[in-house]
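Peer 1: Fold the stuff below for me.
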Amino acid sequence: MSFTTGASRVCCVGILCLLASNASATEVWFEEHGDIGIAYESGELELHYHFEDGLNGVGPLDVEFEPDEVTVLVGGTSVRTADAGDAFFGYLGMSLGDTYYRLPQVNGGPEGADALGLPFVGIATEELDVAGFTTMNLSLTGLTAPGDFALWQGGASALLDSSDGIDGSDSFSLALNGHDHFNFGFSELGVYEVEFTASGNLTGTGTVTDTAVFTFNVVPEPGSLAALVSLGMVGVLRRHRRRS
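Peer 2: From the prediction side, this is the model:
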């Protein structure tokens, strides 16, 4: 990516953060690989960001950030139109012909994150190298956003999906000391504050949990920023909380 393109994206997300008072992150992740990581340190489970090759592929290696220190930019190349061959669009409660936005599960190929210039987001438990964990689950427990959020890998149902309400079914098991990638889907433009809860069973300790909010900014190309503002996409937000 050229400096001009990257700078435009940073500028775009910066303006949106000013317009949306709930977007307070200080760094913008707009391309290259990184992970939502789960670690266990000093007796506590910790959700965080981990960039093995540096944020956006530059800077210090193996750098980590707190969830509220980064906004994930979901740029204009993420846009998709639901068609008959795109079965997973239904996860967001949409119909044929609807537009939605996706961070892809794969990095290679013409529809991969690398070719589209999008973040390649993994979910990693590789830092859970302590003995004794028997399970690890990730749950969607809250959402503040202009639309719906879903996470999937294909198949008949999403792993997480806010379009039918957030409840106990919005949870799935992660492999211990592993690393995997998923599709991250968004139904509308705007700022999404996605609340994840990690919960694991540790022998001799019981259940340990951590809850954190990860911010995704779904934006058009910089030249279309005026359209975003005129549509009022940073206006009314729908707040979902998990039902017990």
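Peer 1: Which pLDDT value belongs to residue 26?
Peer 2: If you check residue 26, the pLDDT there is 81.
Peer 1: Can you report how many residues lie near it?
Peer 2: Residues near residue 26, counting by other CB atoms under 10 Å, number 11. C-beta here means a position set from N, CA and C on the backbone, and glycine is covered the same way.
Peer 1: isn't it right up against residue 67?
Peer 2: No - using CB atoms under 8 Å, residue 26 is not in contact with residue 67, being 12.0 Å away.
Peer 1: can you map out the helices along the protein?
Peer 2: In the chain, the segments counted as helices under DSSP state H are 3-19, 113-116, 225-230.
Peer 1: Which positions within stretch 90-105 qualify as buried?
Peer 2: By neighbour count on 16 or more other CB atoms under 10 Å, the buried set for stretch 90-105 is 90-94, 100-105.
Peer 1: Return the member of those nearest to residue 168.
Peer 2: Of all the buried residues of stretch 90-105, residue 91 has the smallest distance to residue 168: 17.5 Å, by CB to CB.
Peer 1: ok now do that closest one, which residues does it touch?
Peer 2: 150, 152, 157-158, 161, 163, 185 (CB atoms under 8 Å, 6 or more residues apart in numbering).
Peer 1: Among the buried residues of stretch 90-105, which lie within strands?
Peer 2: Judged by DSSP state E, strands contain the following of the buried residues of stretch 90-105: 100-103.
Peer 1: mind checking the backbone torsions on the residue of the chain most remote from its centre?
Peer 2: In the chain, the residue that sits farthest from the middle, by CA atoms, centre = their mean, is residue 204; the gap is 32.3 Å. Dihedral pair for residue 204: phi 90, psi -10, per degrees, to the nearest 10.
Peer 1: With the flanking residues excluded, which residue is spatially nearest to it?
Peer 2: In space, and not counting its chain neighbours, residue 204 is closest to residue 132: 6.3 Å by CB to CB, 6 or more residues apart in numbering.
Peer 1: one step back: unless I'm mixing things up, the residue farthest from the centre of the chain is touching residue 134, no?
Peer 2: No - using CB under 8 Å, residue 204 is not in contact with residue 134; the gap is 10.8 Å.
Peer 1: re earlier: any idea which of the ones in strands among the buried residues of stretch 90-105 is closest to residue 209?
Peer 2: residue 103 (25.3 Å).
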